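Undergrad: Here's a sequence, model it:
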Amino acid sequence: MTQKAVVIYSGGMDSFTVLNKVLQQGLEVHALSFNYGQKHSKELAYAATVCDKLGISHKVVDISAVNFLLAGSALTSDVPMPEGHYEDQNMAQTVVPNRNMILLSLAVGYAVSIDANQVYYGAHGGDHAIYPDCRPEFVQKMNDVCAIANYEAVEIVTPYLHNTKIEILTDGLNMGLDYTDTWTCYNGREKACGKCGACQERLEAFAENGVTDPCLYE
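TA: Have a look, this model is predicted:
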């Protein structure tokens, strides 16, 4: 019987790479996306397109009712979207309170219900400066909890925890991935803004890999 794995899939380039990496390991992938009240849902549409093309299970969970509990972030509230690199302190405005703990908890519950013993998500080294719930110590503690939270232990797996986005893209390109169906920008306009931290880090990754980004920018 093929081993099952749950992949938290936002529709962005990091989780897209993780999703395909897990598929190439021969695991049966169950993709899980969340509407947590973010300002736009373009990533979710991209996620649905990819999962349909790959023919894999994909569930989109609407937890937007909790949005008022996660206020204060530029991603969920009426707060101007900051511009600049992820390492800039103003990018802390994009932190959504306790987001990954909430999403991982739901993903672990889903994993237990379908007899999967792993949950993957795309935390990476470039997130560490701003996002506490993408740091190694957070992942370690979540693993400790998820080993005892249910009768069945579930492992939190972060393949790129110590890698930069540049290195993630390098790995994806080596896997032959096409990043056309990914959306990274924090703004949900027709084209990516090219100015927010997410866009700047993505553009840097493609430039450093010597590849043209298929995403269209303003």
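
Undergrad: all contacts plus neighbour counts: C-alpha atoms, from now on.
TA: Fine.

Undergrad: Poorly predicted segments of this protein, please.
TA: For the chain, residues meeting the criterion pLDDT under 70 lie at 37, 39-40, 68-97, 128.

Undergrad: Please enumerate the strands of it.
TA: Taking DSSP state E as the criterion, the chain carries its strands at 4-8, 28-35, 57-62, 118-120, 155-157.

Undergrad: now, of the ones you listed, which is deepest in the fold?
TA: Per-stretch averages of neighbours, counted by mean count of other Cα atoms under 10 Å, single out strand 4-8 among the strands of the chain, with a mean of 25.

Undergrad: If I take it and strand 57-62, what angle do their directions form?
TA: 40 degrees (axes from the mean of the first three to the mean of the last three Cα atoms, to 10 degrees).

Undergrad: quick check, distance from strand 4-8 to the centre of its chain.
TA: Its chain's average C-alpha position is 12 Å from that of strand 4-8, according to Cα atoms, centre = their mean, to the nearest Å.

Undergrad: Quick one: the helices in this structure, in order.
TA: 13-24, 42-54, 99-113, 136-146, 165-174, 197-208 (DSSP state H).

Undergrad: Report the separation between S64 and Y131.
TA: 21 Å (Cα to Cα, to the nearest Å).

Undergrad: With neighbour numbers in mind, choose between these two.
TA: Using other Cα atoms under 10 Å as the criterion, S64 and Y131 rank with Y131 on top: 19 against 15.

Undergrad: Return the distance of the more buried one relative to I168.
TA: Y131 is 18 Å from I168, by Cα to Cα.

Undergrad: related to what we said a few turns ago, got TSV for the helices of the chain, with mean neighbour count and distance to C185 too?
TA: Supplementary listing: those in TSV, determined by neighbours: other Cα atoms under 10 Å; distance: least, Cα to Cα, whole Å:
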stretch	mean neighbour count	distance to C185
helix 13-24	21	10
helix 42-54	18	9
helix 99-113	17	18
helix 136-146	16	25
helix 165-174	18	14
helix 197-208	19	5
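
Undergrad: Output those helices in CSV, with distance to G188 appended to each entry.
TA: Converted to CSV, the helices of the chain look like this (distance: least, Cα to Cα, whole Å):
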stretch, distance to G188
helix 13-24, 16
helix 42-54, 6
helix 99-113, 19
helix 136-146, 29
helix 165-174, 21
helix 197-208, 12
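
Undergrad: Next, the contact list for A192, please.
TA: A192 makes contacts with 184-185, 199, 215-218, as judged by Cα atoms under 8 Å, 6 or more residues apart in numbering.

Undergrad: who does it bridge with?
TA: For A192, the beta-bridge partners under DSSP bridges are Y217.

Undergrad: Next, work out how far apart it and W183 are.
TA: If you go by Cα to Cα, the gap between A192 and W183 works out to 8 Å.

Undergrad: list residues touching both of the two?
TA: C215.

Undergrad: need the contact list for the closest residue to K165 other than its chain neighbours.
TA: The shortest distance from K165 to any non-neighbouring residue, by Cα to Cα, 6 or more residues apart in numbering, is to A205 (6.0 Å). Contacts for A205 were tallied using Cα under 8 Å, 6+ apart; they are 165-167, 169.
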